[in-house]
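>>> structure for this input, please:
(chains A and B)
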2 protein chains.
Amino acid sequence: MLDLFYAAHTCSLATHIVLEEVGADYKTTRIDFGSAQQRSPEYLKINPKGRVPALVTDQGILTETPAMLVFVAQSFPKQDLALMADPFAFAEVQAFNSYLCSHLHIAHAHRMRGHRWVDADDTHSIATMQRKVPESVGGAFDHVEAALLKGPWVMGERYTICDAYLFTLAQWLEADGVIPARIPKVIDHRRRMSERATVKKAIAEELA
Amino acid sequence: MLDLFYAAHTCSLATHIVLEEVGADYKTTRIDFGSAQQRSPEYLKINPKGRVPALVTDQGILTETPAMLVFVAQSFPKQDLALMADPFAFAEVQAFNSYLCSHLHIAHAHRMRGHRWVDADDTHSIATMQRKVPESVGGAFDHVEAALLKGPWVMGERYTICDAYLFTLAQWLEADGVIPARIPKVIDHRRRMSERATVKKAIAEELA
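The predicted structure follows:
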C-alpha cells in the first residue's frame, strides 16, 4: 500500500489530493515540523533530504513532487490525470509542474528557508530575501495567470495533476504578500478547487 | 522540425545532447546572453520568461528542461531514454531530474542570478549568497554522489536523460567552488560522458 509522508501546510498536499482523485488505496503518515521530526534519524531513513513529501511504495521510496504526481497518475491510468498518451500535452503538464517547483515554490522558500542560500545568522540577507518575496512570488503567479492557466483548469477543459499542485502553492500567496486581486484567475481556480470533495477530504485529514 | 533555442554554458546543453542521442531531425538557434538577446522582443515571443532553453515543435513551444528531456525521450521511444514503460523507474528518472532542477541548479543560480531573490543593488546580500554557493552546490552534489548516482550511469546499467542533465550541471562545479575530489563518482561520470560522440558533437556546435 502507498504511504504518503506529509506535513500540514506543505507541498505534500498536492500528492495527497491526487491520491484522493484517483481513488488510490493509501495511508498517510504525519511528520511534525514543530518538533523537527523531518530531521529525526527515523525519517532520514525514509528521505535523507529531511523534507516532505515522500511516498513509500512496494518498489521503493519516491520523493520530489513533480515525480510523485506523475507516478500516481501513471499508476492509475484510467483517470488520465497527466495526459501522458500525448507527448506534447504531457510535456505541457510537466513544464507547468516544473515551473511551480523550480520558480514559484523556490521564490516562496526565500521567505522561510533563506538559510539554504545564505548563512543562517546573516540577518541582513535573510531579511532582504524576505522583502523580495511579494515581488518574486507575485511575478511567478503573474506568469501563471497570464500565460499558463488556460481555464477552467490549468490545462483547459481537462482536470490534471497541475490543478492539485497549483491549488497547493496558492494556499500561501497571502502570507507571501501577494495581493489576490492581482491574479483573479488563480483565485477563482483556488475557490473551485476548494469545493472539490477530494480536496476537502485531503485538507481535513491533514489538519485533523 | 524541432528547433532548440540555446545559449552556450547553460542547461540547454542537456536537451541538445538528448536530441543527438535519439538521432532527432532538429536544428538549433543560438541566443546571445552577452547582448541580452534572451530579453529581446523577438525572443520573448518564443519564451516570455526570457530564459533558455526553449524547444519549438510542430505543436507549440516547450520550456523547462525536465519537461523537454522527457518530451524528446517520449517522442523517440525506441531509445527508451526515460524508462517510461515502468512507472516506478520513470518516477526515479523524474525525481532525479527534479532534484537537479530545483535544488542543484537553484543553488548554483545564487552565484550569478542572486538578483532574482534580493534587490540587485543589495551588494551585501548578493555577496553573501555567492559565498554560500560552494557549500550549497557542494551539498547537492554530495547527495547525488552518495544517494542518487547508481553507476555506471545515473539509473544504473541504463543510460537515460538523467545522464545528459547531470553532465550538463557538472560543467559548472569548479566555478561554483566545489572541490572535484569530494565527488569522485560524479567526476568519473562526467569524464565518461565527455567521451561520447553525441556529447562532443553538441558541445562543439554550441562553442563553434
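
>>> what's the angle between the host helix or strand of A:S125 and helix B:123-143?
Using DSSP states H and E, A:S125 maps to helix A:123-143. Compare the direction of helix A:123-143 with that of helix B:123-143 by axes from the mean of the first three to the mean of the last three Cα atoms, to 10 degrees and you get 80 degrees.

>>> list the buried ones in stretch A:200-208?
With burial defined by 16 or more other Cβ atoms under 10 Å in any protein chain shown, the residues of stretch A:200-208 counted as buried are A:A202, A:I203, A:E206. (Each C-beta comes from the backbone N, C-alpha and C, glycine too.)

>>> returning to that earlier point: report all helices and strands that the helix holding A:S125 contacts.
Here helix A:123-143 touches helix A:105-112, helix B:123-143, going by 3 or more Cβ pairs under 8 Å, 6 or more residues apart in numbering or on different chains; DSSP states H and E.

>>> ok, and what's touching that helix?
With Cβ atoms under 8 Å, 6 or more residues apart in numbering or on different chains as the test, helix A:123-143 has contacts from A:99, A:103-104, A:107-108, A:110-111, A:114-115, A:117-120, A:170, A:172-173, A:176-179, A:182-183, A:186, B:48-49, B:116-119, B:122, B:124-125, B:128-129.

>>> stretch A:190-205 too?
Outside stretch A:190-205, the residues that touch it by Cβ under 8 Å, 6+ apart are A:13, A:16-17, A:19-21, A:28, A:152, A:163-164, A:166-167, A:170-171.

>>> relative to B:T65, which of the helices and strands packed on helix A:123-143 is closest?
Among those, the nearest to B:T65 by Cβ to Cβ is helix A:105-112 (14.6 Å).

>>> what's the mean pLDDT across that closest one?
Per-region confidence: helix A:105-112 scores 96 on mean pLDDT.

>>> ok, now which ones touch A:W117?
A:H110, A:M129, B:A107, B:H110, B:W117, B:M129, B:K132, B:S136.

>>> what's the closest non-adjacent residue to it?
B:H110 (4.9 Å; Cβ to Cβ, 6 or more residues apart in numbering or on different chains).

>>> residue contacts, the one you found?
Residues near B:H110 by Cβ under 8 Å, 6+ apart: A:W117, B:W117, B:M129, B:Q130, B:K132, B:V133, B:S136.

>>> same question for A:E206.
A:Y6, A:A8, A:L13, A:H16, A:T28, A:R30.

>>> ok, the fourth one touching A:F5?
Put plainly, it is A:H16. No: using Cβ atoms under 8 Å, A:H16 makes no contact with A:F5, being 10.6 Å away.

>>> so what sits against both of those two?
Taking Cβ under 8 Å, 6+ apart as the contact rule, A:H16 and A:F5 both touch A:T28, A:P53.

>>> what comes up buried for stretch A:123-143?
A:125-126, A:128-130, A:132-138, A:140-141, A:143.

>>> now distance to B:V72 too, for the contacts of A:W117, in CSV please.
Listed next are the contacts of A:W117 as CSV, based on distance: Cβ to Cβ, whole Å:
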residue, distance to B:V72
A:H110, 32
A:M129, 35
B:A107, 26
B:H110, 29
B:W117, 31
B:M129, 33
B:K132, 34
B:S136, 29
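
>>> closest to A:V56 out of the residues you listed?
Relative to A:V56, the closest of these is B:A107; by Cβ to Cβ it sits at 27.1 Å.

>>> residue contacts, that closest one?
Residues near B:A107 by Cβ under 8 Å, 6+ apart: A:R116, A:W117, B:V133, B:S136, B:V137, B:G139, B:A140.

>>> can I get those residues in JSON lines with pLDDT and distance to A:M68?
Output for the contacts of B:A107, formatted as JSON lines (pLDDT from 0 to 100; distance: Cβ to Cβ, whole Å):
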{"residue": "A:R116", "pLDDT": "95", "distance to A:M68": "21"}
{"residue": "A:W117", "pLDDT": "96", "distance to A:M68": "24"}
{"residue": "B:V133", "pLDDT": "98", "distance to A:M68": "28"}
{"residue": "B:S136", "pLDDT": "97", "distance to A:M68": "24"}
{"residue": "B:V137", "pLDDT": "98", "distance to A:M68": "25"}
{"residue": "B:G139", "pLDDT": "98", "distance to A:M68": "22"}
{"residue": "B:A140", "pLDDT": "98", "distance to A:M68": "19"}
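
>>> in terms of contact, does A:F167 touch A:I17 like I think?
Yes: assessed by Cβ under 8 Å, A:F167 is found in contact with A:I17 at 7.1 Å.

>>> re the thing from before, could you dump the helix holding A:S125 to CSV, C-alpha only?
C-alpha atoms of helix A:123-143 as CSV (Å, rounded to 0.1, in the frame of the first residue of the first chain):
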residue,chain,number,x,y,z
THR,A,123,20.1,38.6,9.5
HIS,A,124,20.6,41.4,6.8
SER,A,125,20.5,38.9,3.9
ILE,A,126,17.7,36.8,5.4
ALA,A,127,15.6,40.0,5.8
THR,A,128,16.2,41.3,2.3
MET,A,129,15.3,37.9,0.9
GLN,A,130,12.0,38.1,2.8
ARG,A,131,11.3,41.6,1.5
LYS,A,132,11.7,40.4,-2.1
VAL,A,133,9.2,37.6,-1.8
PRO,A,134,6.0,39.5,-2.6
GLU,A,135,7.6,40.6,-5.9
SER,A,136,9.2,37.3,-6.8
VAL,A,137,6.3,35.1,-5.9
GLY,A,138,3.9,37.7,-7.3
GLY,A,139,5.8,37.7,-10.5
ALA,A,140,5.6,33.9,-10.8
PHE,A,141,1.8,34.0,-10.1
ASP,A,142,1.5,36.7,-12.8
HIS,A,143,3.1,34.4,-15.3
